[in-house]
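*Asks:* Sharing a model that was predicted from the sequence below.
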Amino acid sequence: MITLALSKGRIFDDSLPLLRAAGIEVLEDPEQSRKLIIGTSRPDVRVVLVRASDVPTYVQHGGADIGVAGLDVLLEGTAEQGGASAAGLYRVLDLKIARCRLSVAVRAGFDYAATVKQGSRLRVATKYTHLARQFFASKGVHVDLIKLYGSMELAPLTGLADAIVDLVSTGSTLKANHLVEVEKIMDISSRLVVNPAALKLKREPLRALIDAFETAVEARS
Ligand code: ATP
Ligand code: MG
C-alpha cells in the first residue's frame, strides 16, 4: 500500500489532474465526505487528508510515504530548524501547481521604502516568522515579528502591524483589504516529497508513481 498525503483545497484540487494523468482516480470528494482516508481506483494507493503544514510531518515520520507540500511550508520548516533540511524528507519534484509568491504587503499609503531607508523598526505580522526573519535580516531591516495563524490582511488595518508577509497569487485579497504588495520574497509552488525509508522499501511502485507525476508535469508545461 502507498499512502499519499494531501491537504484539502488548492493542493488537493490541483493534484487531481496530475493523479489522473498518472492513472489514479480519487474515489471521494473531501468537500463532500468527512473521511480522512480516501481510496483510489488503484487498490494499492490511498490518500490521507491532513493540514497543509502537517504534510511534511506525516511524510517525515512515515505516516505517509509520499505527499504534496507547498515550498512555503517546506522552507519555513527548514528555517525553523536553523537551515537544516528535514531528515526523512526527500524533495523530489516541482509539481508546478498551487503557484503563488511570498510577498511583503503594507496598508495603502504606508511608506515602506522610507521606513526601510530610515532604518526604523518594522512591525511585521505573518505565519512565516522564520522566512520573514531571514528575509529582513538579509536586507538589514530591523523587524518586530508577530506570529499569526490566519487572516494576515487584518493586521495592518487594525494597527497590529505595519506590514505582512503572506502568499499572494492574483492580489485580489490584498486589494479588497486596501493593501499593496511592495516586495516579492520568493516564488512558491508545490513539491512532491517522499519518505526515504519508504523509497527503499517500496522502491518499484514509488518510483513508478514519481515518474508518472514527472511525465504529467512535463506534459502540462
Ligand atoms: P489552513 O487553511 O488549513 O489553515 P493553509 O492556509 O496553509 O492551511 P491553504 O490556504 O489551502 O492552506 O494553502 C495550502 C498551500 O497552498 C500553501 O502552503 C501554499 O503552498 C499554497 N497556496 C496558498 N495560498 C495560495 C494562493 N493564493 N495561490 C496559490 N497557492 C496558494
Ligand atoms: Mg488557508
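*Replies:* Perfect, thanks for sending it. Ligands and ions are numbered 1, 2, ... in the order given.
*Asks:* how many neighbours does the residue in the chain that ligand 1 sits nearest to have?
*Replies:* Going by Cβ to the nearest ligand atom, ligand 1 is nearest to residue 70 of the chain, at 2.0 Å. The C-beta positions use only the backbone N, C-alpha and C, and glycine is treated the same way. Burial of residue 70 is recorded as 25 neighbouring residues (other Cβ atoms under 10 Å).
*Asks:* quick check: domain ranges of this protein?
*Replies:* Per automatic domain parsing, the domain ranges recorded for the chain read 2-98+189-220, 100-187.
*Asks:* Need the nearest residue in space to the residue of the chain closest to ligand 1, chain neighbours excluded.
*Replies:* What sits nearest to residue 70 in space, not counting adjacent residues and going by Cβ to Cβ, 6 or more residues apart in numbering, is residue 190, at 5.4 Å.
*Asks:* Over to residue 61?
*Replies:* That would be residue 88: by Cβ to Cβ, 6+ apart, it lies 6.9 Å from residue 61.
*Asks:* Correct me if wrong: residue 192 contacts residue 89.
*Replies:* No - applying Cβ atoms under 8 Å as the test, residue 192 and residue 89 come out as separate, 11.0 Å apart.
*Asks:* what's the overlap in contacts for those two?
*Replies:* Taking Cβ atoms under 8 Å, 6 or more residues apart in numbering as the contact criterion, residue 192 and residue 89 have no common neighbours.
*Asks:* Now the helix ranked longest in the chain: buried residues?
*Replies:* Counting by DSSP state H, the longest helix found in the chain is helix 203-220. Buried residues in helix 203-220, counted by 16 or more other Cβ atoms under 10 Å: 206, 209-210, 212-214, 216-217.
*Asks:* Then stretch 70-82?
*Replies:* Result for stretch 70-82 [16+ other Cβ under 10 Å]: buried residues 70-79.
*Asks:* Put together a markdown table for those, with secondary structure and pLDDT on each row.
*Replies:* Putting the buried residues of stretch 70-82 into a markdown table (DSSP: H, G, I helix; E, B strand; the rest coil; pLDDT from 0 to 100) gives the following:
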| residue | secondary structure | pLDDT |
| --- | --- | --- |
| 70 | strand | 98 |
| 71 | helix | 97 |
| 72 | helix | 98 |
| 73 | helix | 97 |
| 74 | helix | 97 |
| 75 | helix | 96 |
| 76 | helix | 97 |
| 77 | helix | 94 |
| 78 | helix | 92 |
| 79 | helix | 91 |
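*Asks:* Thanks again, I'm all set now.
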